[in-house]
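A.B. asks: can't give you the sequence, but here's the structure:
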């Protein structure tokens with residue numbers, strides 16, 4: 001039997017907050033898709049900055065989560081079980097997006113990026129001294145600002161992130177710069193566990209418990225919320241006719 005890794009309710013609640021924010025953002029996207037909201041969600045900073053903040057928050061939670069899992073001695077078997085779920089869901093997202101948006105389907109979105117980054121972090125994280133994680137994470141975060149090449153502009157190579165132009169896709173979370181976010185969060189998690197464990201292990205206010213519960217089921221919620229929202233809006237659209 002695989003021993004369960006203890007949960008940190010505060011991190012779960014933060015992940016739950018991110019998933020609620022993401023659902024509201026996607027609901028706005030769906031309203032825009034059905035013509036009930038007229039906004040430029042692809043270029044307006046009000047929306048693009050929100051998207052960046054939501055992705056950052058997800059990867060921040062994932063990075064801290066990996067630090068805690070390694071600290072608690074999570075087995076490779078348990079890691080592979082969770083990783084397989086993320087990777088399978090990434091493939092489903094690609095298939096579903098190709099069906100809905102054949103010209104802008106998702107070839108490397110947040111789940112694709114997270115699956116690959118989790119592999120990198122699981123292998124490299126424990127081998128990097130904490131003092132090295134900070135500058136390496138910052139370098140990864142800033143790399144696309146200083147180096148790009150047209151070689152990375154194809155669907156087969158844009159997953160790296162060193163692009164000269166953003167691909168036409170509904171979601172795009174490449175390794176660079178986002179691995180930098182996850183590595184910095186991983187480093188912060190390692191530091192907090194040793195120096196300030198009370199920040200993540202303290203009691204959670206009762207009114208935040210629903211967020212913590214949602215955070216524990218974030219992947220399931222992520223996969224289900226868009227089909228449900230789109231289905232309900234499609235039904236509402238038929239009733240308006």
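C.D. replies: Received the coordinates, thanks. A quick note: this is a predicted structure, and the numbers were derived from the prediction, not measured.
A.B. asks: shouldn't residue 79 be in contact with residue 119?
C.D. replies: No: Residue 79 is not in contact with residue 119 according to C-beta atoms under 8 Å; the separation is 9.2 Å. Backbone N, C-alpha and C define where each C-beta goes, glycine included.
A.B. asks: measure stretch 93-112 end to end?
C.D. replies: Using C-alpha to C-alpha, to the nearest Å, the end-to-end distance of stretch 93-112 comes out at 9 Å.
A.B. asks: And the contacts of that stretch?
C.D. replies: 55, 58, 86-87, 89-90, 155, 158-159, 167-174, 222-223, 227 (C-beta atoms under 8 Å, 6 or more residues apart in numbering).
A.B. asks: In helices, which of these fall?
C.D. replies: Those of those mapping onto helices are 55, 58, 86, 87, 89, 90, 222, 223, 227, per DSSP state H.
A.B. asks: which residues of this protein fall in helices?
C.D. replies: For the chain, helices defined by DSSP H occupy the ranges 9-33, 45-71, 76-100, 110-124, 130-146, 175-195, 198-201, 209-216, 218-240.
A.B. asks: between those, which one is nearest to residue 163?
C.D. replies: helix 130-146 (7.6 Å; C-beta to C-beta).
A.B. asks: roughly how far out does the closest one sit from the chain middle?
C.D. replies: Centroid separation for helix 130-146 versus its chain: 19 Å, with C-alpha atoms, centre = their mean, to the nearest Å.
A.B. asks: do stretch 38-49 as well
C.D. replies: 19 Å.
A.B. asks: Which of the helices and strands in the chain ranks last by mean pLDDT?
C.D. replies: The weakest-scoring helix or strand in the chain, judged by mean pLDDT, DSSP states H and E, is helix 198-201 (a mean of 82).
A.B. asks: Excluding its own residues, what touches that one? List them.
C.D. replies: Residues contacting helix 198-201 (C-beta under 8 Å, 6+ apart): 8, 10, 11, 64, 68, 189, 192, 193.
A.B. asks: among the contacts of stretch 93-112, which ones are buried?
C.D. replies: 55, 58, 86-87, 89-90, 158-159, 167, 169-174, 222-223 (16 or more other C-beta atoms under 10 Å).
A.B. asks: hey, least reliable of the helices of the chain by pLDDT?
C.D. replies: Here the lowest mean pLDDT among these goes to helix 198-201, at a mean of 82.
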